[in-house]
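Visitor: the following block contains a protein sequence and its predicted model.
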Amino acid sequence: MREKLEEALFPPVVALLVALICGDLLIMSYGQSPATVYRLLLEGTWGNAYGFGQVLYKATTLTFTGLAVSIGIRAGLFNVGAESQLAAGGFLAGLLGLALSPSFPLALAIPACILAAAVGGGLVGAVPGYLKVRFGAHEVIVTIMLNFVVLALLNWIVAGHLHVPETLHTPEIRNGGIARLSSFIPAFHGSAANLTIVVALITAGLLWLHLFRSRRGYELRAVGLQPEVAEYGGVKVGSTLMRAMILSGAIAGLGGINYVLGYKGYYEEGFAGGAGFLGIAVALVGRNHPVGVVIAALFFATLSQGGLAIHALVPKQLVDVLQGVVILAVAMSVPEVRSALRKARKPVAA
Amino acid sequence: MEGNGQTELIEALSGLRPIESGLIRMGGHDVTRKNVSERRDSGLSHIPEDRHRRGLILDYSIADNLVLGLQDSYVQRGLLDGKRITANAKEQIEAFDIRPPSAEIPARNLSGGNQQKVVIAREMGRPFSVLLASQPTRGVDVGAIEFIHSELRKARADGKAILLVSAELNEVLALSDRIAVMYRGRMTRVMAASEVTEESLGEYMMGTRKDSAA
């Protein structure tokens, strides 16, 4: 158990150290003191309630997309489509929120809208799953292409039929809104953090149960590690992949409620804003473990919110560079990526 | 001699390869259209020829590998019953002398012989009626070979049907009641072990003698 933990923590910790060193050098190249900048970064994020609320908000979406990518990787699938699955989930949740009458009980409206988000993402995830199982189409290509298709389709629907004039968003939902944290803890006032974070944590918990304590999870991980052995063990590899892809899409889709139901109260073009892609980094740094993913999501959310705090001293793009360094360093050191690289190299050597 | 269709035969019998024609019956029941897990449920055990490619999830613990293929029967209230999985592992590790005797370590860290014992324990440490044993002693140490042979003999004495495929002629001669020779994808000869010598077997295997092909 301890060995496992050390093995799991090693790559992210090394990555963090490498990123820190790169960060120091960059900050000094702007003539600033690293200590001051890092202190500012922490003060602007974990140091005050508003900043912390923003971190929680951003981490919520990243938790969903990180979990989505990680369940894919556990099954041996690389889902690059979390971005459009997230958007589709938010769109469907928003659509249902618009359609439901305000007199409909909120206690039913919220679960219905959450379910709609999962369905939206799951539908987008089902396409690459089906194409992979039926025709052997590689999910990376399909999910990348589908990002363009789905986002364009949603933009067309919103811009052509649903938007409020002069804006890129739909009218405000009439039902299914999720309460902000500030309505329970006034200190969070003004921050976007909302109760979706509870949904995110429950999802992480359920995913852990599914992956490590259920028969389907046992089979899913087996397919991801050694599909031929799984087949020998009576696992239906095709339907397992299909299920994993739908589940991955559905979890990414759930992320959409954070913005649509919890923050703005409407669907807006481009609200995903790269959170789907950043989910890949979150999954890698979090070592595809639900607990790791939650921590990694907090980390990336801190960096992204912290960029705003240090803007006075160094360009906020500095944190983007740091993010990149972390991703690269982790990617170089995690076994999954190394084995993928080895596989990719093989045909040349043969 | 390998490469004459033995692998394919085993895969077809175990359900890993679709069957083009013919019929497979186990204990009078037609299992031709049954999949891998249905055949396993009706009493078929299978020691695959390549434990790394087919037999073990190398990153799974010994305990988890010992329930591979039987995972359905370890479900309790929707989740896998970890206690029963561990109990099963303890039992099998002791019965089959798997070393080191720890349920939690990944199969990857075991020696070849002990990895094979995990496979044998899983396939033979449960009720079964038919066993497909493909290269059951490949790449294992002498001690493990003897252990595996005695397990196979015990199963035979218990009245189990065993289809042994082996590249080791000695193994085939020592363990079999009847010996079939496959040549270019066909079973060219089935004979009682008592009427076989190493030389005649060799000739059938090379395809130089093919009188009265079965």
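Guide: Looks like it arrived, so ask away. Numbers count the residues shown, from 1 in each chain, chains lettered A, B, ... in the order given.

Visitor: how about the helices in chain B?
Guide: Here chain B has its helices, by DSSP state H, at B:6-14, B:36-41, B:62-65, B:82-95, B:112-124, B:142-157, B:169-175, B:198-206.

Visitor: B:Ile29 bridge partners, please.
Guide: Small correction: residue B:29 is His, not Ile. Per DSSP bridges, the residues bridged to B:His29 are B:Met26.

Visitor: follow-up on the earlier one: out of the helices of chain B, which gets nearest to chain A?
Guide: Between chain A and the helices of chain B, the shortest gap by CB to the nearest CB is with helix B:36-41, which sits at 3.0 Å. All C-beta spots, glycine's among them, are computed from the backbone N, C-alpha and C.

Visitor: is that closest one anywhere near chain A?
Guide: Yes - part of helix B:36-41 sits near chain A under the criterion CB under 8 Å from any CB of the partner chain, namely B:Val36, B:Ser37, B:Arg40.

Visitor: from chain B, how far off is A:Gly279?
Guide: Separation of A:Gly279 from chain B (CB to the nearest CB, to the nearest Å) stands at 24 Å.

Visitor: most distant residue from the middle of chain B?
Guide: B:Arg77 (31.6 Å; CA atoms, centre = their mean).

Visitor: quick one: low-confidence ranges for the chain?
Guide: You didn't pick a chain, so chain A it is. Counting by pLDDT under 70, chain A contains low-confidence ranges at A:1-3, A:335-341, A:344-350.

Visitor: oops, I was thinking of chain B
Guide: B:210-214.

Visitor: flag every residue of it that's near chain A.
Guide: So chain B meets chain A at B:14, B:16, B:35-37, B:40, B:46, B:48, B:53-60, B:64, B:68-69, B:71-72, B:74-75, B:78-80, B:82, B:104 (CB under 8 Å from any CB).

Visitor: buried among the residues you listed? Need that as a selection in ChimeraX.
Guide: Selection of buried members from the residues of chain B next to chain A for ChimeraX, criterion 16 or more other CB atoms under 10 Å in any protein chain shown:
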select /B:14,16,36,37,40,46,48,54,55,56,57,58,59,60,64,68,69,71,74,80
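
Visitor: filter the residues of chain B next to chain A down to just the ones in strands.
Guide: When these are checked against strands (DSSP state E), the matches are B:His46, B:Val75, B:Leu79, B:Leu80.

Visitor: between those, which is nearest A:His189?
Guide: Using CB to CB, B:Leu79 is the member of those that sits closest to A:His189, with 41.7 Å.

Visitor: ok, the closest one touching A:Leu211?
Guide: No - the criterion here is CB atoms under 8 Å, and B:Leu79 misses it with A:Leu211 at 11.5 Å.

Visitor: just checking, A:Val127 touches A:Val142?
Guide: Yes - applying CB under 8 Å, one finds A:Val127 in contact with A:Val142, separated by 6.9 Å.

Visitor: about what we covered before: packed most tightly, which of the helices of chain B would that be?
Guide: Highest mean neighbour count of those: helix B:62-65, a mean of 25 (counted as mean count of other CB atoms under 10 Å in any protein chain shown).

Visitor: contacts for that one?
Guide: Here helix B:62-65 makes contact (CB atoms under 8 Å, 6 or more residues apart in numbering or on different chains) with A:218, B:56-57, B:85-86, B:88-89, B:93, B:98, B:102-107, B:110, B:118, B:122.

Visitor: and if you look at stretch A:310-326?
Guide: Counting by CB under 8 Å, 6+ apart, A:15-16, A:18-19, A:22-23, A:26-27, A:30, A:32, A:36-37, A:40-41, A:44, A:278, A:281, A:285, A:300, A:303-304, A:306-308 sit against stretch A:310-326.

Visitor: narrow those residues to those that are buried.
Guide: Neighbour-count burial (16+ other CB under 10 Å) applied to the contacts of stretch A:310-326 gives A:15-16, A:18-19, A:22-23, A:26-27, A:32, A:37, A:40-41, A:44, A:278, A:281, A:285, A:300, A:303-304, A:306-307.

Visitor: which of the residues you listed fall within helices?
Guide: Using DSSP H, A:15-16, A:18-19, A:22-23, A:26-27, A:37, A:40-41, A:44, A:278, A:281, A:285, A:300, A:303-304, A:306-307 are the members of those that sit in helices.

Visitor: what's around residue 136, how many residues?
Guide: Going with chain A. The local packing of A:Gly136 (other CB atoms under 10 Å in any protein chain shown) involves 7 other residues.

Visitor: sorry, I should have been clearer: chain B.
Guide: As a burial measure, B:Pro136 scores 30 neighbours (other CB under 10 Å).

Visitor: OK, contacts around it?
Guide: Residues in contact with B:Pro136 (CB under 8 Å, 6+ apart) are B:Ile47, B:Gln116, B:Ile120, B:Ile148, B:Leu152, B:Leu164, B:Ser166.

Visitor: now the first one: how far from chain A?
Guide: Separation of B:Ile47 from chain A (CB to the nearest CB): 11 Å.

Visitor: my read is A:Pro102 is in a helix, agree?
Guide: No - counting by DSSP: H, G, I helix; E, B strand; the rest coil, A:Pro102 falls outside a helix, being coil.

Visitor: tell me the contacts of residue 180?
Guide: Since no chain was named, I'll use chain A. Per CB under 8 Å, 6+ apart, neighbours of A:Arg180: A:Phe188, A:Ser191, A:Ala192, A:Ala193, A:Asn194, A:Leu195, A:Gly262.

Visitor: actually, chain B is the one I wanted.
Guide: Here B:Ala180 is in contact with B:Met187, B:Arg189, B:Val190, B:Met191, B:Ala214 (CB under 8 Å, 6+ apart).

Visitor: what do you get if the cut-off is 6 Å, keeping everything else the same?
Guide: Neighbouring residues of B:Ala180 by CB atoms under 6 Å, 6 or more residues apart in numbering or on different chains: B:Met187, B:Val190.

Visitor: about what we covered before: got CSV for the contacts of A:Arg180, with secondary structure and neighbour count too?
Guide: Output for the contacts of A:Arg180, formatted as CSV (DSSP: H, G, I helix; E, B strand; the rest coil; neighbours: other CB atoms under 10 Å in any protein chain shown):
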residue, secondary structure, neighbour count
A:Phe188, helix, 21
A:Ser191, coil, 22
A:Ala192, coil, 21
A:Ala193, coil, 26
A:Asn194, strand, 26
A:Leu195, coil, 19
A:Gly262, helix, 24
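
Visitor: adding distance to chain B, write those out as a markdown table.
Guide: A markdown table is the format used below for the contacts of A:Arg180 (distance: CB to the nearest CB, whole Å):
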| residue | distance to chain B |
| --- | --- |
| A:Phe188 | 36 |
| A:Ser191 | 37 |
| A:Ala192 | 36 |
| A:Ala193 | 32 |
| A:Asn194 | 31 |
| A:Leu195 | 27 |
| A:Gly262 | 30 |
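
Visitor: much appreciated, bye for now.
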